[in-house]
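Novice: one predicted model, sequence on top.
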Amino acid sequence: MQQETIAAIATPPGEGGIAIIRVSGSEAIAKVGAIFKPRIKDRALNQLHGYQMILGWIVDDQGQPIDECLLAVMRKPHSYTAEDTVEIHCHGGVLAARQCLEQVLGQGIREAYPGEFTQQAYLNGRLDASQAEAVIEIIRARSKKALNLAVKQLSGYNSRYIHRLEDRLIQAAALIEASIDFPEEVGEPDYEEIARLLAEVQHHLGQLLAAGKRAEIYRSGVKVVICGKPNVGKSSLLNWLSGRDRAIVTEIPGTTRDIIEEYVNIKGIPVRLIDTAGIRKTEDRVEAIGVQMAQQAISEAALAIFLLDITSGITLEDEEVFHSLNPDRTIILINKDDLVEKQIDHERIQACFPGIPVIFGSVREEQGLNELQNRVEAMILSGLGREGEVEMLLSARQQQILQDCQEHIESVSEILGQVSLDCLAVEISELLEDMSELTGKSLKADAIERIFRDFCIGK
Amino acid sequence: MVYDAGSYDVVVIGAGHAGCEAALAAARMGCRTLLSTLSIEHIALMPCNPSVGGPAKAQVVREIDALGGEMAINTDKACIQMRMINTGKGPAVQALRAQADKHQYHWAMVDTLLQQPGLDLLMAEVEKIEADQSGVAAVVTRTGARYLCKAVVVTSGTYLKGRIIIGDVIYDGGPNNQVPAMKLSQSLMELGLTLGRFKTGTPPRINRRSVDFSKMIEQPGDERPLRFSYLSPLEPRQQISCWLTHSTPLTHQIVMDNIHRAPMFTGVIKGRGPRYCPSFEDKVVRFSHKSSHQLFIEPEGRNTDEMYVQGLNTSLPEDVQLQVLRSIPGLENVHMMRTGYAIEYDYVIPSQLKLSLETRVIPGLFTAGQVNGTSGYEEAAGQGLIAGINAALKVQDREVLILKRSEAYLGVLIDDLVNKENDEPYRLLTSRAEYRLLLRQDNADLRLTAKGREIGLVDDVRWEAFSLKLDRLEAAKKQMVETTFTPGDAKMTSFLAAQNSAPLKDRISLWELLRRPEIEIGQLVEQGWLEEAPPDILEQLEIQSKYEGYINKQREQVKKFEKLEERRIPEDIDYGEVYGLSNEALQKLQAIRPRSIGQASRISGVNPADINVLLINLEKARRKS
């Protein structure tokens, strides 16, 4: 039997030295290969024999590295599942592993259920009958757990949102189906109403996704980079936020050559704080690598804290650093505000960096740092709804389903009124099918029920 | 006294829409067949609406035709009006609907039955089926005739212990005041079948000469000639119009004033009625915010003044029915010719059937049509055809015919009947079909004619016509794919400009060009790029080209679906030995005994975890052997 390709993080959750993502199935090697950039050019994942390893990066859709990884290839039937298997050894830490996994799932690979690797192994003849019974226990336990989870998620506060979503979609389906199956009683479908319902679904999907992302931020954290020209106080800020001396703080510019990371907690959000080396043109080879890594860290970060030195004014170097940042995800901290010599004021800032939030403070005197933390929290959570609006913890899989629905519904809204009703119905029923993966029930049958409830039909 | 009256391969009990198809199919496949009916005068009776087709039903009629059944041909013969409905909603849901002359429909069918070699007609009441676990042996009539047989198809409609209800007037009776079959239920139960009880109803009939049509809207048929059967001539016919009127607030007041006399509300009727075909009193109560309901006045035939009031099913007392009718615009002075009634009847709970429509308890015993808890002439005829085919195949010791959900509405119908729990008479809806875009009325022949030929029901005439069509279609398609145009083509450029269609950017084939919504296939013929062809071929090319994207999408879905359909479950599986099934799934699987994992997954109460458990156990068993 041809097995579907599945993937999951195989190591236990939490911090560790490395995390392993297992990808198993006929398309494992090809699909992981598509998002893998080997360290040594001319080597490719699919050239590997079984039990060989290869170093490189898992890259995002733009080809930018997500994490440096070691990949192990096992060719069928010589793997745990007896399918082609790739194991991605990435850096420990929830964030890196999850980002890699999401990239893998983005290739159209499905997230595995608990016990599914073992199930594949059994179906491929790798396990004996008693082991198979153990798998059945896992499946049973899973369905119970899934049920509990579904019940929990669908009870009380959160259920309103999911139900509202389903309800609108079913209503749209019923409008279409009633018009098709009972043309004389119902007539033409109300396209405006269908468009309105779809827009509502889209809105609620957006809210759910935002809530899921917010929950995900609290669960897995985000990356924040600290940047600025050398000796502006980056390491001091990192040390203050982490509450310990880690980075070397000196008066000599360029002391911090490597990227320094620290896990800190800002307003309850786990933050992977990254102190970058000074970004500037340099002949020093070691420092050049540091600069490159800093650029990469910036592009991956949810937020950048951009430090300026009030005593030195805004220099060409500062502007160079700023150019490498995403202005929508930047906060400016004007450091050393405690010193007398002030070369920067509000007007100057507005002129150089219009629209960027600015805080005047001093790391050494611990001035303005509470305000900084409040700003960081607000910006990380911006656009993700207010706390208490929708609370929902979504698995990567659920997030994926909602994301798919969101994209699908956008394309449906675009073609509304242009495609014939029977094709529109295909789209809506696909949406219902996707949605039913969240709730586990057949929503199509509900649409038929709805026709009978809402429309007066019959000869 | 019981006497030996003869011997047949197949005996069909009941000569309604299901029975006629079953008997014709069995006889045409070479079985000696007996068709037994309570009344030869009422063969192929249409006791309710005088129409055939509509969404989902039209597709079924075409499927029956493609397989070599009779309903399409018979409807074309008896047709007094034909319309294409749902035009503009897409090819998948377009549906033909015919108004039929009820008497002509009956006569034409009787004529066909009488001319069929190998088929005997008998007027009798079958009271008993003799059978045991090894199979059926004989049927016995009320008058003592005993016919030996190898297979029996029960197509008894709503006649089993039929009970007519009109207000507080209640009596035993079949549809249209026919004699009911009072004994056969008992015999079926003795054979181990569980019966349920359903209810349905019909509206009153009125005299055309007492109707004021000036207060109604005329509903004529389509002007272009239409047909159900691929074999019927495509020529214009004399058509008769239907008429549209509506109920008034006064009508609803009359119903509410008399609601205490309605059997549905007094509790006299216990059987559950169909929601898609509610009684008028039910509509008034449930949709009280609506001040008016549509009513269609439909002719019952060419040679009668009787007309059918579509939308007015009722079991209200006769005097109330008359008041209701006379409150309707155009019916102020109406003469009621027949009273509307509700009918309750026994049906066989269809989860006891295999997908071949053979009962699981008695080999060789088949049931089909309304007795399986469905409604509609088309649903009945379709089941009758499948049951007749499978009865014949059984007698001939050949492989059964089971149509998949992905290849026919008939597949959807039977699969739903067997697997889903129904608490009302089942009606096909297009929304019940997952692969609606593939199951169109226009391609029923492409889907099923080859199957019909293989079974032996498609005769040479039909097969040659079909083969010719297929060849022409393929040739035209090939030509369209191979004929290409470059952006520099002057004739094409001016044609596109005239159609307000974007100029070409790259080389494009005629096939791709037709995908543009503004381009019609007729234009391509006019321009001389495509050879002239019969309208059904042009229609087919146009649909296949324009909807290719969506059609391929559904094909992909079908592929996924069929993976599970092809995982067969051994017939002798002991579900008690399957480790890890939930109790509910165990009971359902034991009762229904699905053929495949796919079928198992559609049974209400069997969840995905049970399917995984089943898959692993099957694999375990396979490896042991």
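Specialist: Arrived safely. Residues are numbered from 1 along each chain as shown, chains lettered A, B, ... in the order given.

Novice: okay, now the domains of chain A?
Specialist: A:6-112, A:132-216+A:396-452, A:222-380 (automatic domain parsing).

Novice: give me the distance from the longest one to the chain's centre.
Specialist: Mean-position distance between domain A:222-380 and its chain equals 24 Å (Cα atoms, centre = their mean, to the nearest Å).

Novice: next, the distance between the ends of it.
Specialist: Length of domain A:222-380, first residue to last, Cα to Cα, to the nearest Å: 8 Å.

Novice: any chance of the domains of chain A in TSV, plus mean pLDDT?
Specialist: Formatted as TSV, the domains of chain A follow (pLDDT from 0 to 100):
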stretch	mean pLDDT
domain A:6-112	86
domain A:132-216+A:396-452	75
domain A:222-380	78
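
Novice: could those go into JSON lines alongside distance to chain B and mean neighbour count?
Specialist: Every C-beta, even on glycine, is put in place using the N, C-alpha and C of the backbone. Formatted as JSON lines, the domains of chain A follow (distance: least, Cβ to the nearest Cβ, whole Å; neighbours: other Cβ atoms under 10 Å in any protein chain shown):
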{"stretch": "domain A:6-112", "distance to chain B": "13", "mean neighbour count": "18"}
{"stretch": "domain A:132-216+A:396-452", "distance to chain B": "3", "mean neighbour count": "18"}
{"stretch": "domain A:222-380", "distance to chain B": "35", "mean neighbour count": "17"}
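
Novice: not counting its neighbours along the chain, what's nearest A:K31?
Specialist: A:Q107 (4.2 Å; Cβ to Cβ, 6 or more residues apart in numbering or on different chains).

Novice: what helix or strand does residue 96 sit in?
Specialist: No chain specified, so I'll use chain A. Element membership for A:A96 (DSSP states H and E) is helix A:94-105.

Novice: hmm, no, I was thinking of chain B.
Specialist: Counting by DSSP H and E, B:L96 is found in strand B:95-100.

Novice: and that strand, what other elements does it pack with?
Specialist: With contacts defined as 3 or more Cβ pairs under 8 Å, 6 or more residues apart in numbering or on different chains; DSSP states H and E, strand B:95-100 has these neighbours: strand B:51-53, helix B:57-66, helix B:71-78, strand B:79-85.

Novice: so which of these gets nearest chain A?
Specialist: Closest to chain A of the helices and strands packed on strand B:95-100, according to Cβ to the nearest Cβ: strand B:79-85, at 5.3 Å.

Novice: gap between that closest one and the chain center?
Specialist: 17 Å.

Novice: on that earlier part again, which is the succeeding secondary structure element to the helix holding A:A96?
Specialist: strand A:110-111.

Novice: tell me what that next one is packed against?
Specialist: Looks like strand A:110-111 contacts strand A:6-9, helix A:396-415 (3+ Cβ pairs under 8 Å, 6+ apart).

Novice: pairing partners for that strand, with directions?
Specialist: strand A:6-9 (parallel) (DSSP bridges).

Novice: contact residues of the stretch 1-150 of chain B facing chain A?
Specialist: Neighbours of chain A within the stretch 1-150 of chain B, by Cβ under 8 Å from any Cβ of the partner chain: B:49, B:55-56, B:85-86, B:88-93.

Novice: so what's B:V10 up against?
Specialist: If you count contacts by Cβ atoms under 8 Å, 6 or more residues apart in numbering or on different chains, B:V10 has them with B:22-23, B:26, B:31-34, B:149-153, B:388, B:391-392, B:395.

Novice: keep only those of those residues that are in helices.
Specialist: Counting by DSSP state H, these place B:22-23, B:26, B:388, B:391-392, B:395 in helices.

Novice: neighbour-wise, which of those leads?
Specialist: B:A22 (38 neighbours; other Cβ atoms under 10 Å in any protein chain shown).

Novice: surely that residue and B:T155 touch.
Specialist: Yes - if you go by Cβ atoms under 8 Å, B:A22 and B:T155 touch, sitting 5.8 Å apart.

Novice: okay, and the common contacts of the two?
Specialist: Common neighbours of B:A22 and B:T155 (Cβ under 8 Å, 6+ apart) are B:12, B:368, B:384, B:387.

Novice: quick one: which of those residues is nearest to chain A?
Specialist: B:G384 (22.0 Å).

Novice: test my guess that B:I597 contacts B:I611.
Specialist: Yes - the pair B:I597 / B:I611 is scored as a contact, 6.4 Å apart, by Cβ under 8 Å.

Novice: helix or strand with the lowest mean pLDDT in chain B?
Specialist: helix B:608-624 (a mean of 77; mean pLDDT, DSSP states H and E).

Novice: kindly export it (C-alpha atoms) in CSV.
Specialist: What follows is helix B:608-624 as a C-alpha-only set of coordinates in CSV (Å, rounded to 0.1, in the frame of the first residue of the first chain):
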residue,chain,number,x,y,z
PRO,B,608,-12.1,7.0,11.7
ALA,B,609,-10.4,5.3,14.6
ASP,B,610,-12.5,2.2,14.0
ILE,B,611,-11.4,2.3,10.3
ASN,B,612,-7.8,2.3,11.3
VAL,B,613,-8.3,-0.6,13.7
LEU,B,614,-10.1,-2.5,10.9
LEU,B,615,-7.2,-1.8,8.5
ILE,B,616,-4.6,-3.1,10.9
ASN,B,617,-6.6,-6.2,11.7
LEU,B,618,-7.2,-6.9,8.0
GLU,B,619,-3.5,-6.6,7.4
LYS,B,620,-2.8,-8.9,10.3
ALA,B,621,-5.1,-11.5,8.9
ARG,B,622,-3.7,-11.1,5.4
ARG,B,623,-0.2,-11.8,6.6
LYS,B,624,-1.2,-14.8,8.6
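
Novice: what comes up buried for that helix?
Specialist: B:609-620 (16 or more other Cβ atoms under 10 Å in any protein chain shown).

Novice: then stretch B:349-366?
Specialist: Result for stretch B:349-366 [16+ other Cβ under 10 Å]: buried residues B:350-366.

Novice: many thanks, I have nothing further to ask.
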